[in-house]
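A.B. asks: here is a sequence with its predicted model. Questions after.
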Amino acid sequence: MKRTIKDLAELKGKVVLCRVDFNVPIDETGRILDATRIINALPTLNYLSGQGAKVVVLSHLDRPKGYDIRKSLWPIAVLLMNKIKANVTFCNSVIGQEVKNRIDAMKDGDVMLLENVRFYQGESECDMNFAKEIAALGQIFVNDAFGVAHRENASNYGVARLLPNAIGILMEKEINALSSFMEEPKKPFVAVLGGAKVETKIDILNRFVDKADTIIIGGAMAYTFLAAKGESVGTSIVQKNSIQTAEQILARAESEGKKILLPIDHVCVRDSDRAKRCLVTSRMTGDMKGFDIGPKTIKLYSQAIQQAGQIFWNGPMGLYEDGRFKNGTLKIAKAIANAKGYSLVGGGDTVAAINSFGLGKKMNYISTGGGATMKFLEEGSLPAIDVIQEKIL
Ligand code: ADP
Ligand code: 3PG
Ligand code: MG
């Protein structure tokens with residue numbers, strides 16, 4: 001068992017570096033479209049602040065290449081100011097003298113959010129010099145960033161190797177919920193996968209095949225699988241370097257007697273059509289680009305979901321942010337919400353979609369992770385959790 005923040009004594013006056021996952025959907029005007037990940041991190045931040053720690057909060061947002069004002073965490077700091085009783089401030093860098101000065105000026109219980117850690121190249125590369133500079137800012141490291149715990153980055157993995165550490169309340173809750181979901185999976189175990197992060201998720205899916213009985217694939221992910229089967233996908237997004245893995249997954253599922261369901265019809269738009277009219281077709285040819293699953297696919301997938309003993313869902317079924325392509329995600333969300341099997345859903349965008357449909361309360365468990373949740377279900381742990389110290393019993 002991992003050491004948790006409740007095991008940390010004497011937090012008063014200490015500078016606690018707390019990594020969270022505030023990678024939330026934000027529009028061009030800086031409006032936060034779904035705050036689930038932020039709300040879920042509040043118990044840890046409130047606890048640390050309540051214990052009198054100086055709480056320095058770190059997060060990434062999206063995948064910026066260098067500094068990008070549109071990916072600033074400032075809008076999230078504004079939300080925190082309204083949600084946390086303690087004094088909340090924002091610092092527009094992560095390392096350097098200004099950050100140190102600002103920390104020196106903090107009072108016990110204050111909370112300060114630092115800028116997007118992915119503005120620094122060292123973050124994703126897990127550059128230990130960058131990690132050292134972060135670690136030098138505080139005395140204790142707390143990891144509450146479940147959603148990114150499948151990545152070995154400087155601020156969630158590197159820093160943990162350099163400071164006394166613990167997991168936060170959200171991390172503990174996720175570990176418990178996901179572990180019990182996988183203890184004795186209720187059959188048939190149906191996994192619904194979609195979204196756009198094909199490269200990350202397809203490798204995890206390769207091993208996940210062993211766990212689930214039926215795997216339903218939608219979203220942009222589906223076209224790589226259809227391409228692997230030699231089907232025509234028009235100009236839909238295909239992750240070319242993942243086709244081989246998709247072939248392996250299909251072969252493996254077949255030899256293990258697992259079912260993989262792929263879309264049998266699609267909502268698409270022709271690249272050449274200036275009016276951008278939507279078409280429903282069972283075969284995408286020429287310049288047709290797929291953006292959602294079609295009605296026959298919805299029916300097929302919903303039937304499998306109805307029969308499930310338990311369901312895991314990550315990844316929207318289409319480009320749901322555009323009203324013309326949200327139907328697949330909406331209908332699958334409804335099918336899961338009404339299913340008799342236990343439902344565990346996760347992913348920044350998946351959860352945002354579910355909440356936008358008002359179906360959040362009908363899911364049995366909402367995880368803040370997407371790729372992280374999938375990988376945890378598959379492996380039972382994640383690198384940025386493994387690196388945290390064990391509880392002293
Ligand atoms: P999550 O955040 O739930 O883990 P991902 O980040 O992998 O999910 O994927 C979510 C994104 O996938 C959404 O922005 C959605 O618009 C996009 N998406 C899904 N299907 C398609 C598609 N057919 N074409 C383009 N984008 C898609
Ligand atoms: C997520 O949204 O799944 C996490 O925040 C991780 O983001 P990443 O895939 O860009 O590392
Ligand atoms: Mg996402």
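C.D. replies: On my side now, so go ahead. Ligands and ions are numbered 1, 2, ... in the order given.

A.B. asks: point out the residues in the stretch 251-393 of the chain that sit beside ligand 1.
C.D. replies: Applying C-beta under 6 Å from any ligand atom, we find that the stretch 251-393 of the chain lies next to ligand 1 at 290-291, 314-316, 318-321, 347-350, 370. C-betas here are computed from N, CA, C, even on glycine.

A.B. asks: ok, 8 Å please
C.D. replies: 289-292, 314-322, 325, 329, 346-353, 369-371 (C-beta under 8 Å from any ligand atom).

A.B. asks: out of these, which end up buried?
C.D. replies: 289-292, 314-321, 325, 329, 346-353, 369-371 (16 or more other C-beta atoms under 10 Å).

A.B. asks: and residue 70, how far from ligand 2?
C.D. replies: 15 Å (C-beta to the nearest ligand atom, to the nearest Å).

A.B. asks: for that residue, helix, strand, or coil?
C.D. replies: Look at residue 70: counting by DSSP: H, G, I helix; E, B strand; the rest coil, its state is helix.

A.B. asks: just to revisit the earlier point, strands - which of the residues of the stretch 251-393 of the chain next to ligand 1 land there?
C.D. replies: When DSSP state E is applied, these are split such that 289-292, 314, 346 fall in strands.

A.B. asks: which residues are in contact with the closest residue to ligand 2 within the chain?
C.D. replies: With C-beta to the nearest ligand atom, the shortest gap between the chain and ligand 2 falls at residue 23, namely 3.4 Å. Shown in contact with residue 23 (C-beta atoms under 8 Å, 6 or more residues apart in numbering): 37, 59-62, 147-148, 348.

A.B. asks: of all the ones in strands among the residues of the stretch 251-393 of the chain next to ligand 1, which comes closest to ligand 3?
C.D. replies: Checking those against ligand 3 by C-beta to the ion gives residue 314 as the nearest, at 9.2 Å.

A.B. asks: and the closest residue to that closest one other than its chain neighbours, what pLDDT?
C.D. replies: Leaving aside its chain neighbours, residue 314 sits nearest to residue 347 (4.4 Å; criterion: C-beta to C-beta, 6 or more residues apart in numbering). pLDDT recorded at residue 347 is 93.

A.B. asks: related to what we said a few turns ago, if we check ligand 2, which of the contacts of residue 23 are in contact?
C.D. replies: Answer for those near ligand 2 (C-beta under 8 Å from any ligand atom): 37, 60, 62, 147-148, 348.

A.B. asks: near ligand 2, which residues of the protein?
C.D. replies: Near ligand 2, when you scan the chain using C-beta under 8 Å from any ligand atom, you find 21, 23, 37, 60, 62-63, 124, 145, 147-148, 150-151, 153, 197, 200, 347-349, 369-372.

A.B. asks: still on that earlier bit, take the contacts of residue 23 and keep only those in helices.
C.D. replies: The helices, defined by DSSP state H, take in 37, 348 from the contacts of residue 23.

A.B. asks: please list only the buried members of the contacts of residue 23.
C.D. replies: Buried, going by 16+ other C-beta under 10 Å: 37, 59-61, 147-148, 348, out of those.

A.B. asks: just name the closest of those to residue 256, please.
C.D. replies: residue 147 (29.5 Å; C-beta to C-beta).

A.B. asks: how about the closest one, what does it touch?
C.D. replies: Applying C-beta under 8 Å, 6+ apart, the residues near residue 147 are 21, 23, 37, 348, 368-370, 372.

A.B. asks: which stretches of the stretch 1-150 of the chain form strands?
C.D. replies: 15-19, 54-58, 88-91, 111-114, 140-143 (DSSP state E, counting those that start in this stretch).

A.B. asks: now the helices for the protein?
C.D. replies: Using DSSP H, helices in the chain cover 36-50, 74-83, 97-104, 121-125, 128-135, 169-183, 198-208, 221-228, 243-256, 295-306, 327-338, 348-356, 371-379, 383-386.
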